[in-house]
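**Student:** Let's see this in three dimensions:
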Amino acid sequence: MTEVRVTVDGVNYADDVEPRMLLAQYLRETLGKTGTLIGCDTSNCGACTVSLNGQSVKSCSVLAVQADGAEVTTIEGLARDGTLHPVQEAFRECHGLQCGYCTPGMIMAAVDLLGDNPDPTEQEVREGIEGNLCRCTGYQNIVRAVQSAAKTMKPGAAQPTEQAAPVAGGGN
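**Tutor:** Just a heads-up that it's a prediction; the model follows:
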């Protein structure tokens, strides 16, 4: 077992994990962050996308021990004080989902995209989310949702705000 210390959604955790445990498994099984979905186990679908130190990553391709000392934001950590993140709200308003399975990963990829490019063209949105697969929507409403969110966000607002983080987890 290896100790991992990580800040997830503003809360510090310290847990012992198997060195081979994936970040997606740690988030879901140890921390209960079940919004991070596992769709393919091969990093092809993007359903497991989270923010790791401000960059979107597919958490099924990152070991939990690689996240030691890092800040992770999951789909559960985007909303603040009961208010949806602008990207989450835009997905709701623009019907950017059908079955919803890809939605957490799509939203996390879109938040990262808008952090880097606050006013993307349709093509730039499509390129920004190309590592995330949707088998239902045809992407039109997803692209509309990302562009709608871009209009409501100020540059830099896509990054989660830092907060003092209480320690959680029991070391096991």
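**Student:** hey, let's count contacts and neighbours off CA atoms from now on
**Tutor:** Noted.
**Student:** helix/strand/coil for the residue sitting nearest the centre point of the chain?
**Tutor:** Residue closest to the average C-alpha location in the chain (CA atoms, centre = their mean): residue 50, at 2.9 Å. State at residue 50, reduced to three classes by DSSP: H, G, I helix; E, B strand; the rest coil: strand.
**Student:** Contact partners for it?
**Tutor:** Counting by CA atoms under 8 Å, 6 or more residues apart in numbering, residue 50 makes contact with 36, 56-59, 72-75, 105, 108-109.
**Student:** Most neighbours among these, please name it.
**Tutor:** residue 105 (32 neighbours; other CA atoms under 10 Å).
**Student:** Off-centre distance for the helix or strand harbouring that residue?
**Tutor:** Following DSSP states H and E, one finds residue 105 within helix 103-116. On the basis of CA atoms, centre = their mean, to the nearest Å, helix 103-116 sits 7 Å off its chain's mean C-alpha point.
**Student:** mind checking which helix or strand of the protein has the lowest mean pLDDT?
**Tutor:** In the chain, the helix or strand scored least confidently by mean pLDDT, DSSP states H and E is strand 167-168, which has a mean of 52.
**Student:** rewinding a little: for the helix holding residue 105, buried residues please.
**Tutor:** Along helix 103-116, these residues count as buried under the neighbour rule (16 or more other CA atoms under 10 Å): 103-116.
**Student:** Also stretch 135-153?
**Tutor:** Applying a neighbour-count criterion of 16+ other CA under 10 Å, the buried positions in stretch 135-153 are 139, 141-150, 153.
**Student:** Could you pick out which of those are located in helices?
**Tutor:** Within the buried residues of stretch 135-153, residues falling in helices by DSSP state H are 141-150.
**Student:** The host helix or strand of residue 12 - contacts with which helices or strands?
**Tutor:** Element membership of residue 12 [criterion: DSSP H and E] is strand 11-17. Taking 3 or more CA pairs under 8 Å, 6 or more residues apart in numbering; DSSP states H and E as the contact definition, the neighbouring helices and strands of strand 11-17 are strand 2-8, strand 167-168.
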